[in-house]
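# let me see the structure of the following:
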Amino acid sequence: MVPEPPSVERLSKLAPVLAPGGAEVTAVRPLSGGASQELWSVTVTSPAGDVRAVLRRDPGRARSELSIPIALEAALIDAAHSAGVPSPRVLHVLMPEDALGAGFFMSHVDGEALGHRIVRDETFAAVRPLLARQCGEILARIHALPRPPGLPVTHALDVIAALERQHRAEDWPRPVFELAFRWLREHAPAPVAPSVVHGDFRTGNLLIGPSGVNAVLDWELAHAGDPMEDLGWLCVNSWRFGAIDNPVGGFGAREDLFAGYEAAGGAPVDRQRVRYWEVMGTLRWGVICTLSAIALREGVVGGVERAMIARRASETELDLLNLMGL
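Numbers count the residues shown, from 1 in each chain. Down below sits the predicted model:
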């Protein structure tokens, strides 16, 4: 069931939890971003001044089979924050008596998430050379987190199977995708001891400020698996936003990413496994693009943004051919 939009009145009883000291909620507005979860900016006024919080909420629609419950996502963000991973602080996990659905409040963090600004805007020129190494260091800390109860273990063949089920739903011939599925099965690496994997660590899910990464966002695809998956996903061409000569997020070099990862205590980087997960990530994004095409065709959603995402499936086909050497 789709929950009702939050309002000042409906959030008022939670004000003391969000900003103790005689606080009251004075403004609520929706935020852009969050493709599968709702995001709401909440302003709480207290004698000490205004405090901004963010409500991340399950919209009540069908979830991807690879996504985790939103309460588990909150637990991971809380653990990450405690372990020194730049991330918001979880303020309150919604309970049934809150009558707001499933979700959680987190602290507001300043920063820029739009990829094309991060890789091109002069504002970030000084920090861009530092970001790849920072990302490596952050991923090493994420992969060292203790695995919480209920976090699913996902291996490469599990991801392939899930993607193929989604791909078949499009019912449209895509020979390059078929080649990629075959290539991924033939080159699947042996399973490794599973670590906590963020699952969507990329440009667009990182809040960047003048000194670097301020926060890692969107943990809904987290799971236990091969830590090289996160490194490969960050290098997918679609997250370079046109800065194709900088393979790490459009802002850096693989060597800096790997050096930061190993220096922060990450396992020795297996470059072949990273490349494998880059191929997987490229196919994964291509399949996600086709899901937008399905939603448009069936009238579930509309708008120019969804149409732009749908047509990007063809870009991933070219990227796949280049990565597989075909």
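
# in which helix or strand would I find the residue positioned nearest the centre of the chain?
The chain has Asp200 as the residue nearest its centroid, 3.4 Å off, counting by CA atoms, centre = their mean. Under DSSP states H and E, no helix or strand contains Asp200.

# which residues are in contact with it?
When the contact criterion is CB atoms under 8 Å, 6 or more residues apart in numbering, the partners of Asp200 are Asp218, Trp219, Glu220, Leu221, Trp233. The way it works is simple: take the backbone N, C-alpha and C, and place the C-beta from them, glycine included.

# number of nearby residues for the third one?
This points to Glu220. Using other CB atoms under 10 Å, the number of residues around Glu220 comes to 23.

# state the phi and psi torsions of it.
phi -70, psi -20 (degrees, to the nearest 10).

# quick one, what contacts it?
Neighbouring residues of Glu220 by CB under 8 Å, 6+ apart: Ser36, Gln37, Ser67, Ile68, Ile70, Glu73, Gly199, Asp200.

# ok, 6 Å please
Taking CB atoms under 6 Å, 6 or more residues apart in numbering, we find Glu220 in contact with Ser67, Glu73.

# with the fourth one instead?
Applying CB under 6 Å, 6+ apart, one finds that Leu221 lies in contact with Leu66, Ser67, Gly199, Asp200.

# quick one, grab the pLDDT at the nearest residue to the second one once chain neighbours are set aside.
Just to be clear, that refers to Ser67. Nearest residue to Ser67 in three dimensions, chain neighbours excluded: Glu220, at 4.6 Å (CB to CB, 6 or more residues apart in numbering). What the model reports as pLDDT for Glu220 is 95.

# next one: Glu220 from Ile138, what distance?
18 Å (CB to CB, to the nearest Å).

# where does this structure dip in pLDDT?
1-2, 33-35, 61-64, 293-307, 326 (pLDDT under 70).

# tell me which stretches of the stretch 51-200 of the chain form strands.
90-93, 103-107, 195-197 (DSSP state E, counting those that start in this stretch).

# okay if I get the ones you listed as JSON lines plus distance to Glu229 and mean neighbour count?
JSON lines is the format used below for these (distance: least, CB to CB, whole Å; neighbours: other CB atoms under 10 Å):
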{"stretch": "strand 90-93", "distance to Glu229": "24", "mean neighbour count": "19"}
{"stretch": "strand 103-107", "distance to Glu229": "25", "mean neighbour count": "23"}
{"stretch": "strand 195-197", "distance to Glu229": "5", "mean neighbour count": "24"}
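
# would a markdown table of those strands with distance to Ala48 be doable?
Output for those, formatted as a markdown table (distance: least, CB to CB, whole Å):
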| stretch | distance to Ala48 |
| --- | --- |
| strand 90-93 | 15 |
| strand 103-107 | 15 |
| strand 195-197 | 35 |
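
# looking at these, which is nearest to Gly60?
strand 103-107 (10.5 Å; CB to CB).

# mind checking how far the closest one is from the chain centre?
Computed by CA atoms, centre = their mean, to the nearest Å, the chain-centroid distance of strand 103-107 equals 16 Å.

# repeat that for stretch 166-184.
23 Å.

# ends of it, how far apart?
Its first and final residues considered, stretch 166-184 spans 16 Å by CA to CA, to the nearest Å.

# what's the answer for stretch 16-28, then?
16 Å.

# list the buried ones in it?
Neighbour-count burial for stretch 16-28, counted by 16 or more other CB atoms under 10 Å, picks out Leu18, Ala19, Ala23, Val25, Val28.

# stretch 168-183 too?
Of all the residues in stretch 168-183, those buried under the rule 16+ other CB under 10 Å are Glu170, Arg174, Val176, Phe177, Leu179, Ala180, Phe181, Trp183.

# can you tell me which residues contact the nearest residue to Ser46 once chain neighbours are set aside?
Nearest residue to Ser46 in three dimensions, chain neighbours excluded: Ala23, at 3.8 Å (CB to CB, 6+ apart). Residues counted as contacts of Ala23 (CB under 6 Å, 6+ apart) are Ala15, Val44, Ser46.

# can you give me the strands in the stretch 201-326 of the chain?
206-209, 212-216, 223-225.

# okay if I get the ones you listed as TSV plus mean neighbour count?
Putting these into TSV (neighbours: other CB atoms under 10 Å) gives the following:
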stretch	mean neighbour count
strand 206-209	22
strand 212-216	21
strand 223-225	21
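
# and Ser107, which of those is closest to it?
strand 212-216 (9.2 Å).

# returning to what we had before: would you mind giving the buried residues of stretch 168-183 as a markdown table with distance to Asp121 added?
Below are the buried residues of stretch 168-183 laid out as a markdown table (distance: CB to CB, whole Å):
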| residue | distance to Asp121 |
| --- | --- |
| Glu170 | 35 |
| Arg174 | 35 |
| Val176 | 33 |
| Phe177 | 34 |
| Leu179 | 37 |
| Ala180 | 33 |
| Phe181 | 37 |
| Trp183 | 36 |
